[in-house]
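Trainee: generate coordinates for the sequence data below:
(one chain, ligands or ions: 1)
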Amino acid sequence: MPNSNSKRIAAEKAAAYIQDGMTVGLGTGSTAYWAIQEIGKKVHNGLQIKAVATSVQSEKLAIDLGIPLSPFSEIAEIDVTIDGADEVDGMWNLIKGGGGALLREKIIASSSKELIVVVDESKVVDRLGKFHLPVEVVKFGYELTRRKLSALGCEPKLRLVDQKPYMTDNGNYILDCDFKQIAMPSECHDAINSIPGVVDNGLFIGMAAKVIVGYKDGSVKECYNKP
Ligand SMILES: O=C[C@H](O)[C@H](O)[C@H](O)COP(=O)(O)O
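Mentor: Numbers count the residues shown, from 1 in each chain. Coordinates of the predicted model:
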């Protein structure tokens with residue numbers, strides 16, 4: 001169980017935005033974990049919501065906590081999604097996908113009225129790229145896709161778990177791309193996604209509506225105004 005307090009306080013602050021009747025997107029990772037825990041407590045105390053999960057892991061957690069999940073066919077729009085990030089820059093562009101959930105996260109974020117991003121202070125950066133950008137690719141010909149990605153100026157490495165390729169919830173591979181610095185996130189996003197074989201990448205551009213940062217000293221900063 002993740003136990004970082006700065007992640008927890010940011011996530012709990014975000015959960016305070018959830019109200020009766022909402023459809024809620026549940027993020028993935030060790031920060032979203034705390035948001036799901038808090039939502040679970042609220043549901044236990046009578047909060048009436050429907051939820052959708054961004055990963056098999058978060059879906060299991062929601063089921064364990066008694067959070068009602070809804071089939072996508074019954075949902076027109078998601079009111080609020082609370083999710084973590086691996087990096088957030090000053091324009092609220094994000095790198096996501098450290099836990100491999102970027103595709104489902106982006107599908108759900110793009111159908112959400114509001115994406116609340118919850119992070120600890122270590123995730124706030126001047127420029128994206130120190131964290132290697134996760135790119136989800138189909139297995140077929142991934143070595144060729146990897147070459148095309150390196151031509152964009154990065155070093156892509158196949159994500160491995162126990163010496164075997166990591167597989168996403170969608171049955172794809174992840175190439176973690178070391179760009180050192182991503183000077184133009186939007187252009188980089190589009191260039192990557194134009195390569196055949198790429199399913200999506202972990203750059204989330206202009207999607208965050210609020211950013212909540214938890215600090216080691218126990219304080220929380222809520223940012224509402226989009227830069
Ligand atoms: O694929 C995983 C997600 O994008 C996570 O939200 C992201 O990696 C941040 O995770 P954590 O809160 O565990 O640092």
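Trainee: when you work out contacts or count neighbours from here on, use the C-alpha atoms and nothing else.
Mentor: Fine.
Trainee: which residue ranges make up each domain of this structure?
Mentor: Split into domains by automatic domain parsing, the chain comes to 5-123+205-217, 133-199.
Trainee: measure the first one end to end?
Mentor: Yep, that's domain 5-123+205-217 we're talking about. Using CA to CA, to the nearest Å, the end-to-end distance of domain 5-123+205-217 comes to 9 Å.
Trainee: near the ligand at all, that domain?
Mentor: Yes: using CA under 6 Å from any ligand atom, domain 5-123+205-217 reaches the ligand at 28-32, 83-86, 96-102.
Trainee: among those residues, which ones are buried?
Mentor: Neighbour-count burial within those applies to 28-32, 83-86, 96-98, 100-102; the criterion is 16 or more other CA atoms under 10 Å.
Trainee: identify those among those residues that sit within helices.
Mentor: Judged by DSSP state H, helices contain the following of these: 32, 102.
Trainee: lowest-scoring secondary structure element of this protein by mean pLDDT?
Mentor: Ranked by mean pLDDT, DSSP states H and E, the helix or strand of the chain with the weakest confidence is strand 220-223, at a mean of 94.
Trainee: mind listing residues that contact it?
Mentor: Contacting residues not belonging to strand 220-223 are listed as 9-10, 210-214 [CA atoms under 8 Å, 6 or more residues apart in numbering].
Trainee: doesn't residue 51 belong to a helix?
Mentor: No: judged by DSSP: H, G, I helix; E, B strand; the rest coil, residue 51 forms no part of a helix; its state is strand.
Trainee: sorry, back to before: in CSV: the contacts of strand 220-223, plus neighbour count, pLDDT and distance to residue 39.
Mentor: Shown next, in CSV, are the contacts of strand 220-223 (neighbours: other CA atoms under 10 Å; pLDDT from 0 to 100; distance: CA to CA, whole Å):
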residue, neighbour count, pLDDT, distance to residue 39
9, 25, 98, 13
10, 30, 98, 13
210, 19, 97, 18
211, 24, 98, 18
212, 23, 98, 16
213, 24, 98, 18
214, 25, 98, 18
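Trainee: which pair of those residues spans the longest distance?
Mentor: Between any two of these, the greatest separation by CA to CA is 15.1 Å, found for 9 and 210.
Trainee: report the longest strand in this structure, please.
Mentor: Longest strand in the chain, counting residues (DSSP state E): strand 112-120.
Trainee: any buried residues in that strand, and which?
Mentor: Buried, per 16+ other CA under 10 Å, within strand 112-120: 112, 114-120.
Trainee: of those residues, just say which sits nearest to the ligand.
Mentor: Within these, proximity to the ligand (CA to the nearest ligand atom) peaks at residue 119, which comes in at 6.6 Å.
Trainee: show me the contacts for that closest one.
Mentor: 6-7, 10-11, 31, 84-86, 211-214.
Trainee: ok, it to residue 47 distance?
Mentor: 24 Å.
Trainee: next one: residue 133
Mentor: The value you get for residue 133 to residue 47, if CA to CA is used, is 37 Å.
Trainee: ditto for residue 28
Mentor: Distance of residue 28 to residue 47, computed by CA to CA: 21 Å.
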